[in-house]
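# Sharing a model that was predicted from the sequence below.
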There are 2 protein chains.
Amino acid sequence: MFATLEIRNGELMKKLELFEENQQEIASLAKALSHPARIAILQFLASTPTCISGDISDYLPLSRTTVSQHLKELKSMGLIQGDVEGLKIKYCLNKEGIEKLKNAFGGLFEEITPSENKTC
Amino acid sequence: MFATLEIRNGELMKKLELFEENQQEIASLAKALSHPARIAILQFLASTPTCISGDISDYLPLSRTTVSQHLKELKSMGLIQGDVEGLKIKYCLNKEGIEKLKNAFGGLFEEITPSENKTC
DNA sequence: TTCTAATGTCGCAAACATACGTCATTAATT
DNA sequence: AATTAATGACGTATGTTTGCGACATTAGAA
């Protein structure tokens, strides 16, 4: 369950890579949720009746450039999708990604439920 | 639901403070989970039959100092507790903290469930 | 009281994240 | 073809996180 030091290609692995796939996946997903702007974006996309085109930064206290970066991060984690439609881009939650997110955290939460009969 | 620019004490607020309490809380909890070492620590604490004293870094590919910092972070978010017992410290999951974590994410996950009948 | 072991704190360096202005690209409009 | 509007990419400044060795603190053992 817990990683030990390894060498690969004659080089020391990056510290992050010394953990399990499972641990890395959850950590990555958690990182995607670790900024209030990204939470706000997910909530906003969920709250609209259609996928959104147009400037999401109108709804956030951040510049368009910054929001664009947060969108990119959410997209790279598969939590949202952006479909090009002519000059505009329609942003939407990505069903599979959100499902993956829920499952990953669900699994973790089961794993880390403190047992009742633990002697401390 | 979405913050607008505000001034407080004549100073510009920190960007992070421009978001809702709710969004900030989830983001902070997510940040606590955003490193594989911290996931591994939570899993490890959950997996032991008693609370753990002794060097958790023995089980992780990181130095004692680094692990100590990760423990501090988890503790500051209330996810674990460390009870001093003489010279040793017994680390344990913190029931209330884990509960809070589950509720926060549970709430978010409900909120961001993509609706079936959305027109995209 | 001195020594030792368990643990935290400090300070640094390197890596990474955030925020944003400016520029590049491209689709539609004139 | 030239213009405009929507958007992403690039560069950069500033702040935050990570990782760790060296030092400090403290409880108990000798």
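Cool, the structure landed. Numbers count the residues shown, from 1 in each chain, chains lettered A, B, ... in the order given.

# contacts and neighbour counts: CA atoms only from here.
Noted.

# tell me the secondary structure for A:Ala30?
On the three-state scheme (DSSP: H, G, I helix; E, B strand; the rest coil), A:Ala30 is labelled helix.

# Next, count neighbours for the residue nearest to A:Gln43 when sequence neighbours are not counted.
Nearest residue to A:Gln43 in three dimensions, chain neighbours excluded: B:Ile112, at 5.8 Å (CA to CA, 6 or more residues apart in numbering or on different chains). The number of residues packed near B:Ile112 is 18, by other CA atoms under 10 Å in any protein chain shown.

# can you pull the pLDDT of A:Glu73?
The score at A:Glu73 is 97. That number is its pLDDT.

# Count the residues that sit near it.
17.

# For it, identify the helix or strand it belongs to.
helix A:64-76 (DSSP states H and E).

# And the contacts of that helix?
Helix A:64-76 is contacted by residues A:32, A:37-38, A:41, A:55-57, A:80-82 when judged by CA atoms under 8 Å, 6 or more residues apart in numbering or on different chains.

# immediately after it, which helix or strand?
That would be, after helix A:64-76 and using DSSP H and E, strand A:80-85.

# What residues sit buried inside that following strand?
A:80-82 (16 or more other CA atoms under 10 Å in any protein chain shown).

# Out of those, the closest to DNA strand C would be?
Nearest to DNA strand C out of the buried residues of strand A:80-85 is A:Gly82 (CA to the nearest atom of the strand; 14.2 Å).
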